[in-house]
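Novice: return atomic coordinates for the entry below.
(chains A and B)
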Amino acid sequence: MKKLQEISLRLRIFLTLIFSMLLGVGLLFWLIGSYEIKDYKEHINKESIIQLSAIEASITEVAVIGDYATIKQILHKFITVDQDIINISYKKGSASIDERNIEIEDLYPQFFSTLIDVPNNITITSELNVGGQSYGTIILTIDSTPMINIFWNKTKNVTLILFAILFIQCAVLLILINTSFMPSLYAIQKCSQDLSKGVKVVAIKEDVSPEIKDVLIAFNNMAKAIDTQKKELIVLNQNLEEQVKAKIDELRSKDQLLIQQSKLASMGEMIGAIEHQWRQPLNIVSAIAIAIRFDLEIDNIKKDKVMHNLDDILLQINYLSQTIDDFRNFFRPDNNSLKQNFYINSAIPKVITLSKESFKATFINVVTNIDDFEIYQNENQFIQVLINIFNNVKDAFIITNLPIERYFFIDTKIKENNLEIILKDNAGGIKEDIINKIFEPYFTTKDQSLGTGIGLYISNQIMQKQFNGSIEVSNQEFLFNGIKYKGVEFKLIMPLF
Amino acid sequence: MYRKIIYILWLLLLAYPFYLLNAQQNQEYTFSVISQRSAIETAKTWNPILNYVEKITGIKLVLQVAKTGVESKEATDAGKYDFTYSNVIFDRPHIIYTPILKPNTDGISSQIVVLENSNIKNVQDLNNIKIGFPSKIAFTGYIIPTGYLNQQKILFEEVFGGNQEGIMAQLQSGAVQAAAVNSGVMKAYAQKENLKYKVIWESIKFPDIPISAHERVPLDITKSVQIAIASMSRETEGKEILSQIKEDTQREAPEFSMANMQTYEQYLLFYRKLQ
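Specialist: Now for the predicted structure:
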């Protein structure tokens, strides 16, 4: 079966008109029937009462006399004269007279009497009472059929006339639609199709109606406007592409700058760390040199002692050299894009080593609980992420300067195929209103001498873009050695495979 | 065994008077009214009176109206009615109905009447015209006036109207030029119909039509009916009923006094003379 949308508009209009017409005729039929039936019922009741009154008047006299033969004759006369009467009965005590007429053929359909709610027979009774004495009862049954026949014919005829009028109206309307509305509609349809095919100006026929002509002119204007706007849009798109490209370049430059700044910052941090690493051995070397010089000045040079001092110097120089190797690996540019397998248990201690002296200077105790996992990532970038967090922790302790034992906990665990590295301090935490901003670039609460505001931003970028992971930060309260502490917890999450 | 049967019979014998009393109480008595007017008019007048009697005495009187005066007379002669309101009961050797009540009127007379604008001025003018009569058995409407007209040797054509008001209607319509009527009925009819008429001849007065009881009716029943009807116009309820009858029929309702055969001696004398 076809869907309604698939039926042509012309057929749909035709079906709608036919349906409306039938509905209208049905409604009219019902309205006429309902309106007329009131008068009809009143009329038939009136007729019945008149008949009954006539019968009463005719037989009362003889009923008083008790002349039943005459009563029968009178009733029979009524039955003969009035065909609408089906039955007249007269009853008094045991006496009963019954006169019956043949039933009349009904010409109306059965539904009609149901519709107008009129029974085929109407029965009314009346008691003959004269001077307070009953002289019997008259039961009159009148056939409604003739009246319903008349009423049916009337209603049917009126409805047929109305049907004819409606039919003519519908036919005229259909012709009008077919000759006037439909061609206009097809003209609009063709115009739309032409426009959709790219025709810029559609031809307007002269025989179309003024209203449709206006619509077609409006279509042409619209097409022109669309064409103009299309051109503007092309230009705008071109400009937009250029603008987007420029913006991307700008952002790339900024990113490069940020990375550079980050590197510089990290370098600064590292130089500080190297400074801490080197100070002790340099002091030792310096002290040995001073001791050797003092021994030369007082001629107390002993070969064994000098040899021992030189060994000490060489030891310190080796240590310095190792320190340089450690830092050189981290800052080597070609290492920044190199992915390789490395063990967490070796990478984290490297950062601890790098930060050892600075943590020592700020009295931070590092507590580790690190399992050995092998991951395939760029180790240097991983170290850079950790260094930034380590530095942030160190600075937090410097800023808060709490009179407590300072701890920095490093834990690792596996959760749902992800490696989680949990770094937690007891430096007092970060204010809740800014905790969500710490990964934004150039956001810092530190003095200019301590922070640039790009370390955590870079760490977050590396975790998200390079490691497909994330960093979560939150304030935590916890117990350690029976003492309650509060601090910041950084959770580094990265996939293992 | 015999003792038981005797005992049952004794009980039945004891119960019999109560049965008779009950049967008497439940018995219906027919009450005939002479055909003066239409049956409906008659019923409108008499049914309320008979219902009143039943209410007061418990005696049920059933109104009987004959089709014609002749039928009424035949039934009366045959003694079919228990009570009758009629004056055609005196024309027989053995009178079976005894008058018990007389209307409170001055009496009735026979009249020969014509319309007021009629050219007929005296009895002689009645020669060779149509004279209407209620029926052949009507005392004031036929027996008395025809006796007089025959005595006067007046030749006329008889036309019958069935009852008093029937012939009065024929006079009113011009179907007959003169009518012999009961003076009381004529007066009442003329009042009701606003009919102007003139009396050409009038007889002597007779006592108005009596209510009579058949000789078979038990005396206590007759007495009860007699007293109830005679006292009706003095009782509040009775007066109301009579007033209602007057309103319904547009005529004076009949009121009665106690009477007996002597009250109607004049009728007996008349029939004796006629014989």
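
Novice: which helix or which strand is home to B:Gly162?
Specialist: Secondary structure from DSSP states H and E places B:Gly162 outside every helix and strand.

Novice: quick check, it in contact with B:Ile137.
Specialist: No. In this structure, B:Gly162 is not within contact of B:Ile137 by Cβ atoms under 8 Å, at 11.5 Å. (Each C-beta comes from the backbone N, C-alpha and C, glycine too.)

Novice: of those two, which one has the most company?
Specialist: Applying other Cβ atoms under 10 Å in any protein chain shown to B:Gly162 and B:Ile137 shows that B:Ile137 carries more neighbours, namely 24 against 17.

Novice: show me the contacts for the more buried one.
Specialist: B:Gly69, B:Val70, B:Ser72, B:Lys73, B:Val88, B:Ile143 (Cβ atoms under 8 Å, 6 or more residues apart in numbering or on different chains).

Novice: ok, for the fourth one, nearest residue in space, not its chain neighbours?
Specialist: In this case it means B:Lys73. B:Ile137 (4.0 Å; Cβ to Cβ, 6 or more residues apart in numbering or on different chains).

Novice: ok, which stretches of chain A are helices?
Specialist: A:9-65, A:68-81, A:110-116, A:145-176, A:182-196, A:210-297, A:303-331, A:344-361, A:379-400, A:455-461 (DSSP state H).

Novice: wait, which of the ones you listed is closest to chain B?
Specialist: helix A:9-65 (3.9 Å; Cβ to the nearest Cβ).

Novice: now do that closest one, average pLDDT.
Specialist: On average, the pLDDT along helix A:9-65 is 80.

Novice: common neighbours of B:Gly162 and B:Ile137, please.
Specialist: Joint contacts of B:Gly162 and B:Ile137 (Cβ under 8 Å, 6+ apart) are B:Gly69.

Novice: per-residue pLDDT of whatever residue of chain B ends up closest to chain A, please?
Specialist: Distance from chain A to each residue of chain B (Cβ to the nearest Cβ) is smallest for B:Asn47, at 3.0 Å. What the model reports for B:Asn47 is a pLDDT of 94.

Novice: list the contacts of the residue nearest to it when sequence neighbours are not counted.
Specialist: Ranked by Cβ to Cβ, 6+ apart and with sequence neighbours excluded, the top spatial neighbour of B:Asn47 is A:Gly131, at 3.0 Å. Neighbouring residues of A:Gly131 by Cβ under 8 Å, 6+ apart: B:Ala43, B:Lys44, B:Thr45, B:Trp46, B:Asn47, B:Pro48, B:Asn51, B:Ile245, B:Asp248.

Novice: from B:Arg37, how far off is A:Gly131?
Specialist: 13 Å (Cβ to Cβ, to the nearest Å).

Novice: swap in A:Ile122?
Specialist: A:Ile122 is 35 Å from B:Arg37, by Cβ to Cβ.

Novice: same question, B:Gly238
Specialist: The gap separating B:Gly238 from B:Arg37 is 22 Å, by Cβ to Cβ.

Novice: residue numbers of chain A in contact with chain B?
Specialist: Contact residues, chain A versus chain B (Cβ under 8 Å from any Cβ of the partner chain): A:Thr60, A:Glu61, A:Val62, A:Val64, A:Ile65, A:Gly66, A:Asp67, A:Val130, A:Gly131, A:Gly132, A:Gln133, A:Tyr135.

Novice: for the residue found closest to the fourth one once you drop the neighbours it is linked to in the chain, list the residues it contacts.
Specialist: Right, A:Val64. Nearest residue to A:Val64, sequence neighbours excluded (Cβ to Cβ, 6+ apart): B:Ala39, at 3.9 Å. Counting by Cβ under 8 Å, 6+ apart, B:Ala39 touches A:Thr60, A:Glu61, A:Val62, A:Val64, A:Ile65, B:Val65.

Novice: how does it look with 6 Å?
Specialist: A:Glu61, A:Val64, A:Ile65, B:Val65 (Cβ atoms under 6 Å, 6 or more residues apart in numbering or on different chains).

Novice: look at B:Ser183 and say how many residues are nearby.
Specialist: 22.

Novice: give the contact list for it.
Specialist: B:Ile108, B:Ser109, B:Gln111.

Novice: B:Ile108 too?
Specialist: Applying Cβ under 6 Å, 6+ apart, the residues near B:Ile108 are B:Thr140, B:Asn182, B:Ser183, B:Gly184, B:Phe206, B:Asp208.

Novice: can you pick the most crowded of the residues you listed?
Specialist: B:Asn182 (27 neighbours).

Novice: look up phi and psi at it.
Specialist: phi -80, psi 130 (degrees, to the nearest 10).

Novice: would CSV of the contacts of B:Ser183 with secondary structure be doable?
Specialist: Formatted as CSV, the entries for the contacts of B:Ser183 read as follows, by DSSP: H, G, I helix; E, B strand; the rest coil:
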residue, secondary structure
B:Ile108, strand
B:Ser109, coil
B:Gln111, strand
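
Novice: pLDDT and distance to A:Ser89 added to those residues, as CSV?
Specialist: Formatted as CSV, those follow (pLDDT from 0 to 100; distance: Cβ to Cβ, whole Å):
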residue, pLDDT, distance to A:Ser89
B:Ile108, 91, 42
B:Ser109, 93, 47
B:Gln111, 95, 45
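
Novice: ok so, going back, spell out for me the ChimeraX command that would select the buried members of the contacts of A:Gly131.
Specialist: Restricted to buried positions by 16 or more other Cβ atoms under 10 Å in any protein chain shown, the ChimeraX selection for these reads:
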select /B:43,44,45,46,47,48,51,245
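
Novice: widest-spaced pair of the contacts of A:Gly131?
Specialist: The two members of the contacts of A:Gly131 with the most space between them (Cβ to Cβ) are B:Asn51 and B:Asp248, at 13.3 Å.

Novice: and the nearest residue to A:Ile434 once chain neighbours are set aside, how many neighbours?
Specialist: Among residues not flanking A:Ile434 along the chain, A:Thr445 sits closest, at 6.9 Å (Cβ to Cβ, 6+ apart). Using other Cβ under 10 Å, A:Thr445 is surrounded by 15 other residues.

Novice: same check, this time on A:Lys484
Specialist: Other residues close to A:Lys484 by other Cβ under 10 Å number 9.

Novice: give me the next element, helix or strand, following the worst-scoring helix or strand of chain B on mean pLDDT.
Specialist: When the helices and strands of chain B are scored by mean pLDDT, DSSP states H and E, helix B:2-26 comes last with a mean of 63. Toward the C-terminus, helix B:2-26 is succeeded by strand B:28-33 as the next helix or strand (DSSP H and E).

Novice: helices or strands up against that next one?
Specialist: In terms of contacts (3 or more Cβ pairs under 6 Å, 6 or more residues apart in numbering or on different chains; DSSP states H and E), strand B:28-33 is packed against helix B:39-57, strand B:60-64, strand B:83-85.

Novice: what pairs with that strand, parallel or antiparallel?
Specialist: Next to strand B:28-33 in the sheet, as set by DSSP bridges, lie strand B:60-64 (parallel), strand B:83-85 (parallel).

Novice: so what touches that strand?
Specialist: Contacts of strand B:28-33 (Cβ under 6 Å, 6+ apart): B:42, B:46, B:50, B:60-65, B:81-85.

Novice: cool, and stretch B:118-130?
Specialist: Here stretch B:118-130 has contacts from B:Val114, B:Gln152, B:Ile154, B:Leu155, B:Phe156, B:Glu157, B:Val159, B:Val176, B:Gln177, B:Ala178, B:Ile200, B:Trp201, using Cβ under 6 Å, 6+ apart.

Novice: residue in chain A nearest to chain B?
Specialist: Counting by Cβ to the nearest Cβ, chain A gets nearest to chain B through A:Gly131 (3.0 Å).

Novice: most remote residue from the middle of chain A, which is it?
Specialist: Taking Cα atoms, centre = their mean as the measure, the residue most remote from the mean C-alpha position of chain A is A:Ile65, 95.4 Å away.

Novice: isn't that residue right up against B:Gln64?
Specialist: No. The criterion here is Cβ atoms under 6 Å, and A:Ile65 misses it with B:Gln64 at 8.3 Å.

Novice: which pLDDT does the model give A:Met147?
Specialist: A:Met147 is given a pLDDT of 74.
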